[in-house]
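> Here is a sequence with its predicted model. Questions after.
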Amino acid sequence: MELDSASVDHVNDEVLATMRRNRVRGALGALPGPQCEALTLSYLGGYTQREIASLTGTPLGTVMIRMLLGMGRLRALLAAEGPDSVDQESVDQEGERP
């Protein structure tokens, strides 16, 4: 069965998105629990910082600091892995990494 170019592009996009999600989830898992919780609730759960403070019984300022520190650590962890190796050029036409 042959795939047309649009189908191959769609499959490549899905593979790249999955690889990026896995990379970010791995980095999130390496964060201290409170930072991971705050970032997960915010970015994956869609909660505001005020809502996170209420849900977790944590002062708003503490939530804000946890998110700030967590984003900094997340950025450092992802940067330590090297440049984003998960890009369109790294996936060939068959959807495999070279």
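That came in fine, so what should we check first?

> Would you confirm that Met64 contacts Gln49?
Yes: counting by C-beta atoms under 8 Å, Gln49 is a contact partner of Met64 at 5.7 Å. Backbone N, C-alpha and C define where each C-beta goes, glycine included.

> Which element, helix or strand, includes Arg20?
Arg20 belongs to helix 5-29 when assigned by DSSP states H and E.

> For the next helix or strand along the chain from that helix, list every residue counted as buried.
As assigned by DSSP H and E, the chain's next helix or strand after helix 5-29 is helix 33-39. Neighbour-count burial for helix 33-39, counted by 16 or more other C-beta atoms under 10 Å, picks out 34-39.

> looking at this protein, which helix or strand is least sure?
Sorted by mean pLDDT, DSSP states H and E, the helices and strands of the chain end with helix 5-29, the least confident at a mean of 85.

> Which elements pack onto that helix?
helix 33-39, helix 60-80 (3 or more C-beta pairs under 8 Å, 6 or more residues apart in numbering; DSSP states H and E).

> what's the angle from it to helix 60-80?
Between helix 5-29 and helix 60-80, the angle comes out at 120 degrees (axes from the mean of the first three to the mean of the last three C-alpha atoms, to 10 degrees).

> Name the residues of helix 5-29 that are buried.
Neighbour-count burial for helix 5-29 [16+ other C-beta under 10 Å]: 8, 12, 15-16, 19, 23-24, 27-28.

> Measure how far that helix is from the centre of its chain, please.
11 Å (C-alpha atoms, centre = their mean, to the nearest Å).

> got it, and stretch 33-42?
Centroid separation between stretch 33-42 and its chain, computed with C-alpha atoms, centre = their mean, is 12 Å.
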